[in-house]
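J.: here are the coordinates; sequence isn't available:
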C-alpha cells in the first residue's frame with residue numbers, strides 16, 4: 001500500500017513561486033492510498049481503493065510512505081496490526097492498533113482478517129510536530145478493507161476509533177519506543193561499539209535565513225528562508241554531479257570541509273535565538289570517510305526561528321543503527337550511557353525528535369558518494385542535506401564500479417536560489 005501527496009495545480013510552478021517570493025512551500029491538498037484520496041473526497045468517492053480479504057486469512061501489507069512532507073498515523077477499523085519489518089529489516093514484532101510511518105519509510109505489517117464480515121476503513125492521518133499555530137492539516141485519507149462473502153453492506157464502512165489525532169505526541173512516542181531490531185542468531189546485528197568508533201560528528205538541523213550583505217535597499221530578513229545542517233545550507237552543483245566529479249577527479253564542484261561540529265554551541269532548543277544562529281551560508285560541502293570507518297552521528301534539532309519539528313533523517317547507500325534519541329540538548333557525558341547497543345533499530349530513515357536529538361552508528365563499507373537529508377521535502381528543498389564520500393577499499397570488490405559505456409549524460413538543470421539571487425533582489429527593489 002502506497003501513500004503519497006496530491007496537489008492542486010502545477011506543483012513545480014507553485015514551488016518556484018514560493019521560492020521566488022520567500023514564502024512557505026506548498027503543503028499537499030490531500031493524501032492518497034494507492035492513488036486515491038478516498039471516500040472523504042468527492043473526486044474519488046466511488047473509486048476508493050479496496051482490498052478484498054477472506055475471513056480467517058492473514059495478510060502481509062507492505063506500507064510505503066511516499067508523502068512529500070507528512071508522517072502518517074495509520075489504522076484499520078476493529079483490526080490489530082503486527083509490524084514485523086521496517087525499511088526491509090526485521091524488528092521485534094509490534095502488536096498495535098495503529099502505526100506511525102515517516103516519509104521515506106516502509107513497514108511490513110501483518111493483518112488477520114478475523115472480524116465480522118463487512119467493510120472497514122483503512123485510514124491515514126497527518127501527524128504534525130509543527131508549532132500549535134500551524135493548522136494546515138490535510139484531510140484523512142481512506143481505503144476500504146472489504147470481506148468476501150454474502151452479507152448486507154453497511155451504509156458506510158466503520159472508521160478506526162484508534163487513529164490518533166494530528167498532534168498526539170504521546171501516541172507517536174508510544175509507537176516509536178517499541179521499535180527494536182530482531183537481533184536473533186538468524187538475524188544478528190553488527191552495531192559499532194564505543195571502542196570501534198573512528199569518526200564522531202555532531203550535526204545541528206535548523207531553520208535559517210540566508211546570509212547577505214545589507215545593501216541599504218534589501219535587508220537580510222527579506223532573503224528567502226533556508227534550512228541547514230551545521231549551519232551549511234546545501235546547494236546543488238551547477239553542471240557536474242558529485243559522483244562524476246569525484247570519480248573523474250574534477251575540481252571546483254564541491255569542497256571536502258563539511259564540519260564535524262556546528263560553528264557555535266548554544267541552547268539549541270531555546271525559543272530565543274541570536275542573529276548569529278539564524279543566518280546561514282550556502283555551500284556544496286561533503287564529508288570524506290575512509291573505507292570501513294565506524295561512524296557515530298548525533299543529530300541535534302534546534303528551535304531557531306521557531307522551526308523545531310520532527311526531522312526524518314534519511315541516508316542513501318546505507319542502513320544505520322539508531323542507538324539513542326531523546327529530548328532537549330544532547331549531553332555527551334550522560335546520554336551515551338543510555339545507548340541501546342543490544343537491539344537498536346537498523347533503518348534507512350528515522351526521526352530526530354522535535355526539540356531533541358538522534359544518535360546513529362554505521363560502518364562505511366559501501367564506497368561512493370552518498371546523499372543524506374531530511375525527508376521533509378520542504379526542508380530538503382531549502383538546504384537540510386549534505387553528502388558523504390566513502391573512499392575505495394583495497395580490492396576491486398571494495399571499490400566503486402566503473403560507469404557503464406551506455407550511461408547517458410546527466411544534464412538536468414538544478415537552479416539554486418544563489419544563482420537567481422540577483423533576479424530576486426532586482427525584483428524586490430523594483431517593487
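T.: Perfect, thanks for sending it. The model shown is predicted, which means the values in this text are computed figures rather than measured ones.

J.: can you list the low-confidence ranges for the stretch 1-150 of the chain?
T.: 21-23, 131-138 (pLDDT under 70).

J.: strands along that one, start to end?
T.: Secondary structure of the stretch 1-150 of the chain, counting by DSSP state E, counting those that start in this stretch: strands at 2-6, 30-33, 50-53, 58-65, 71-76, 81-86, 89-96, 99-101, 106-112, 119-127, 141-147.

J.: of all these, which lies closest to residue 19?
T.: Closest approach to residue 19 among the strands of the stretch 1-150 of the chain is made by strand 2-6 (17.9 Å; CB to CB). All C-beta spots, glycine's among them, are computed from the backbone N, C-alpha and C.

J.: what residues sit buried inside that closest one?
T.: Residues of strand 2-6 classed as buried under the neighbour-count rule (16 or more other CB atoms under 10 Å) are 3-6.

J.: which one of those residues is nearest to residue 286?
T.: residue 5 (29.4 Å).

J.: please name the nearest non-neighbouring residue to that closest one.
T.: residue 28 (3.7 Å; CB to CB, 6 or more residues apart in numbering).

J.: for the one you found, which residues are in contact?
T.: 5-7, 67-70, 138 (CB atoms under 8 Å, 6 or more residues apart in numbering).

J.: can you tell me how far it is from residue 305?
T.: Residue 28 is 23 Å from residue 305, where distance means CB to CB, to the nearest Å.

J.: do residue 290 as well
T.: Using CB to CB, we find residue 290 at a distance of 36 Å from residue 305.

J.: most surrounded residue in the contacts of residue 28?
T.: residue 67 (27 neighbours; other CB atoms under 10 Å).

J.: touching, it and residue 102? I think so.
T.: No: using CB atoms under 8 Å, residue 67 is not in contact with residue 102; the gap is 9.2 Å.

J.: the spatially closest residue to residue 267 that is not a sequence neighbour is in what secondary structure piece?
T.: Using CB to CB, 6+ apart and skipping the chain neighbours, the partner closest in space to residue 267 is residue 329 (6.6 Å). Under DSSP states H and E, no helix or strand contains residue 329.

J.: please list all residues in contact with residue 329.
T.: Applying CB under 8 Å, 6+ apart to residue 329 gives the contacts 267-269, 300, 357.

J.: just the strands in the stretch 151-300 of the chain please.
T.: Using DSSP E, counting those that start in this stretch, strands in the stretch 151-300 of the chain cover 199-210, 225-229, 232-234, 279-283, 286-289, 293-301.

J.: just send those back as JSON lines, with mean neighbour count, distance to residue 188 and mean pLDDT too.
T.: Shown next, in JSON lines, are these (neighbours: other CB atoms under 10 Å; distance: least, CB to CB, whole Å; pLDDT from 0 to 100):
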{"stretch": "strand 199-210", "mean neighbour count": "21", "distance to residue 188": "24", "mean pLDDT": "93"}
{"stretch": "strand 225-229", "mean neighbour count": "26", "distance to residue 188": "32", "mean pLDDT": "90"}
{"stretch": "strand 232-234", "mean neighbour count": "24", "distance to residue 188": "35", "mean pLDDT": "95"}
{"stretch": "strand 279-283", "mean neighbour count": "20", "distance to residue 188": "39", "mean pLDDT": "89"}
{"stretch": "strand 286-289", "mean neighbour count": "20", "distance to residue 188": "24", "mean pLDDT": "98"}
{"stretch": "strand 293-301", "mean neighbour count": "22", "distance to residue 188": "17", "mean pLDDT": "98"}
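
J.: centre of this structure to the edge, which residue is at the far end?
T.: residue 150 (43.5 Å; CA atoms, centre = their mean).

J.: for that residue, give its distance to residue 16.
T.: Counting by CB to CB, the gap from residue 150 to residue 16 is 54 Å.

J.: before we move on, back to that, between residue 290 and residue 305, tell me which one has more neighbours.
T.: Set residue 290 next to residue 305 and count neighbours by other CB under 10 Å: residue 305 wins out with 16 against 13.

J.: contact partners for the nearest residue to that one once chain neighbours are set aside?
T.: Of all residues beyond its chain neighbours, the one nearest residue 305 is residue 207 (4.5 Å), with distances taken as CB to CB, 6+ apart. By CB under 8 Å, 6+ apart, residue 207 lies in contact with 225-227, 302, 304-307.

J.: tell me the bridge partners for residue 207.
T.: On the basis of DSSP bridges, residue 207 is bridged to residue 227.

J.: could you pull out the helices for the stretch 301-431 of the chain?
T.: Ranges of helices within the stretch 301-431 of the chain are 377-382, 421-430, based on DSSP state H, counting those that start in this stretch.

J.: residue 130 and residue 10, how far apart?
T.: For residue 130, the distance to residue 10 (CB to CB) stands at 25 Å.

J.: more neighbours, the two?
T.: Between residue 130 and residue 10, residue 130 has the larger neighbour count (other CB under 10 Å), namely 17 against 10.

J.: how near is that one to residue 310?
T.: In terms of CB to CB, residue 130 sits 9 Å off from residue 310.

J.: okay, and the common contacts of the two?
T.: Common neighbours of residue 130 and residue 310, using CB under 8 Å, 6+ apart, do not exist here.
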